[in-house]
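# Need a 3D model of the following:
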Amino acid sequence: MKAEKIKRPIKVIAFFVPFVLALFGFLSTHEMSFADAAFQGVILYFMNYGDTPPNIWVEIARWLAPLATASGLVMAFVSIRERARRGLRYLSGNSICVYGDGRDAEEMLAQLGSRGIRGPEGELVRAERYILMYAEEEKNYDFYCRYMDRLQEKQVYVKSAALRPQDAKCRNLHFFQYEEAEARTYWKEHSLLEEAAASDYKLKIVLIGGGKLCEALLTEGVQKNIFHPDQKIAYHVFDAGEKFTACHPGFQDMGDPVIFHGEAWYQCMDCIRQADRILVADQEKEVEFMNDLLAVVPQKRIDFFSRKKNVLKMLFASQNLHVYDAEREGRKIENILNEKLFEQAKQLNLNYAVMYGSAAAGEASASNEAVREAEWRKLDGFTRYSNVSSVDYHEIRKQMLQKLTGSDRTDESAYQPYLELFAELEHIRWCRYHLLNGWTYGIPESGKAKDTEQRIHRSLIPYRELSETEKEKDRETVRCMFQWQ
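The predicted structure follows:
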């Protein structure tokens with residue numbers, strides 16, 4: 001993309017070089033006016049100069065001009081063809097326009113195939129949805145602000161290392177991070193359920209790494225690994241930055257201990273040796289690090305998120321070492337758009353709307369798309385992603401039900417005996433989502449359940465202390481989830 005940006009003005013300049021040379025050559029003879037010289041310069045692009053060239057400048061110009069004309073025609077043809085292709089892809093439906101530079105944009109377009117439209121630099125083209133993923137994050141925000149009026153009715157996905165999905169104020173704007181998508185997928189596919197059940201729900205998990213992926217593994221882990229009301233899954237975190245620690249005080253109120261270590265991992269060998277699982281991410285010298293860690297705990301399960309996956313798998317043959325591509329899952333288009341997840345979150349929100357009177361009874365049908373979208377648009381980003389978090393956790397709930405019943409059944413007769421357990425765990429998840437986003441327990445002066453400005457909520461208490469009405473909300477959430485599966 002950057003190369004194209006540089007090539008374009010060079011091509012334009014090259015196109016006008018013959019004209020400049022001809023103008024200079026004719027004027028230097030002092031036999032033509034400026035207008036006549038300019039006219040002769042233009043003619044060179046369309047027909048040969050019939051007279052003997054008066055000097056070398058005109059001679060060069062008359063050879064270069066036809067080449068420039070041919071090049072211009074090719075450029076025009078390519079431009080027209082590209083515009084036609086973008087138009088056809090838009091008309092075919094479900095098109096997604098990608099704006100960006102480098103590897104990210106190329107990979108995204110390759111995944112989209114015939115749905116993908118390459119966004120031209122500085123120009124908004126028609127599409128159903130948009131993905132903004134420039135390497136310079138500010139360019140994504142600038143682009144959206146420039147075309148905000150035309151994008152208000154479109155879904156726009158913005159790659160952002162600084163902002164989280166729930167931070168979005170614009171209702172059509174979705175922030176995404178590769179690390180967050182990678183962590184969500186990891187915990188759903190490799191949850192701690194088996195280890196927790198085998199150890200009376202008491203585990204010690206070690207995370208080593210001070211980057212975005214390690215932070216995402218922690219925040220997603222405490223929201224996914226919820227299996228028992230009295231569990232004690234301790235997360236020991238090494239190399240986390242002071243900023244991250246200070247900005248997430250909610251970790252101290254999770255129930256599951258989260259301990260941030262100021263010392264390096266190798267200065268806390270007892271903790272490392274006692275770990276039930278070790279997760280490693282964001283390491284610069286991966287081979288050296290892995291060699292040191294395996295020398296200390298060769299018998300422990302180590303999940304290593306690497307950007308040199310094949311190298312590590314070749315060099316280390318330990319059966320306890322599991323190497324994952326640090327970006328593979330996060331870059332998948334389905335994990336960025338999360339279409340199924342959002343559809344279920346919208347349906348869950350519609351059920352709430354019917355329960356509490358903002359939508360009429362009978363409108364909670366999954367086929368009632370217009371009502372579902374209308375209710376969804378009423379929500380801010382934080383509340384939307386509270387619904388998304390709830391739906392996302394259901395994958396873990398299904399794993400639990402399968403373990404408890406020994407079958408894949410998810411009908412009412414299968415989950416009903418465990419409804420109260422699942423409702424309590426759903427409340428714990430709900431509390432953790434709020435705590436991670438800066439909320440605390442409090443009773444608003446207005447007498448309402450919550451105060452979004454102060455970020456206080458009266459229901460951030462243990463499940464057993466909730467009123468029966470509040471407990472029923474969690475039960476209904478669980479029922480809804482199983483009805484859709």
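# Below-threshold pLDDT in the stretch 101-250 of the chain: ranges please.
Along the stretch 101-250 of the chain, the model assigns pLDDT under 70 to no residue.
# list the buried ones in the longest helix seen in the chain?
Counting residues, the longest helix found in the chain (DSSP state H) is helix 56-91. Residues of helix 56-91 classed as buried by neighbour count (16 or more other CB atoms under 10 Å): Trp57, Val58, Glu59, Ile60, Ala61, Arg62, Leu64, Ala65, Ala68, Arg86, Arg89, Tyr90. The C-beta positions use only the backbone N, C-alpha and C, and glycine is treated the same way.
# and the gap between the fifth one and Tyr45?
Right, Ala61. For Ala61, the distance to Tyr45 equals 10 Å [CB to CB, to the nearest Å].
# list residues touching both of the two?
Common contacts of Ala61 and Tyr45 (CB atoms under 8 Å, 6 or more residues apart in numbering): Pro18, Phe19.
# can you map out the helices along the stretch 201-350 of the chain?
Under the criterion DSSP state H, counting those that start in this stretch, helices of the stretch 201-350 of the chain are mapped to 212-224, 242-247, 269-273, 286-296, 309-315, 333-337, 339-355.
# and after the longest helix of the chain, which helix or strand comes next?
Remark: after helix 56-91, the chain's next helix or strand is strand 96-100, criterion DSSP states H and E.
# helices or strands up against that next one?
With contacts defined as 3 or more CB pairs under 8 Å, 6 or more residues apart in numbering; DSSP states H and E, the packing partners of strand 96-100 are helix 102-112, strand 116-118, strand 129-133.
# Tabulate those (a markdown table), appending distance to Ala198 and mean neighbour count.
Below are those laid out as a markdown table (distance: least, CB to CB, whole Å; neighbours: other CB atoms under 10 Å):
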| stretch | distance to Ala198 | mean neighbour count |
| --- | --- | --- |
| helix 102-112 | 38 | 16 |
| strand 116-118 | 46 | 22 |
| strand 129-133 | 42 | 23 |
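# could you dump the ones you listed to a markdown table with distance to Ile80?
Shown next, in a markdown table, are these (distance: least, CB to CB, whole Å):
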| stretch | distance to Ile80 |
| --- | --- |
| helix 102-112 | 20 |
| strand 116-118 | 15 |
| strand 129-133 | 23 |
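# quick one: which of these is nearest Asp292?
Nearest of the helices and strands packed on strand 96-100 to Asp292, taken as CB to CB: helix 102-112 at 30.5 Å.
# Only alpha carbons, please: show the closest one as CSV.
These are the backbone C-alpha positions of helix 102-112, laid out as CSV (Å, rounded to 0.1, in the frame of the first residue of the first chain):
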residue,chain,number,x,y,z
GLY,A,102,1.2,-4.1,4.7
ARG,A,103,0.7,-7.8,5.7
ASP,A,104,-2.5,-7.3,7.7
ALA,A,105,-4.6,-5.9,4.9
GLU,A,106,-3.3,-8.4,2.4
GLU,A,107,-4.1,-11.3,4.6
MET,A,108,-7.6,-10.0,5.4
LEU,A,109,-8.4,-9.5,1.7
ALA,A,110,-7.1,-13.1,1.0
GLN,A,111,-9.5,-14.5,3.6
LEU,A,112,-12.5,-12.5,2.3
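# Also compute the angle for that helix relative to strand 129-133, please.
Relative orientation of helix 102-112 versus strand 129-133 (axes from the mean of the first three to the mean of the last three CA atoms, to 10 degrees): 150 degrees.
# so helix 102-112 versus strand 96-100, what angle?
Going by the same axes, to 10 degrees, helix 102-112 makes 170 degrees with strand 96-100.
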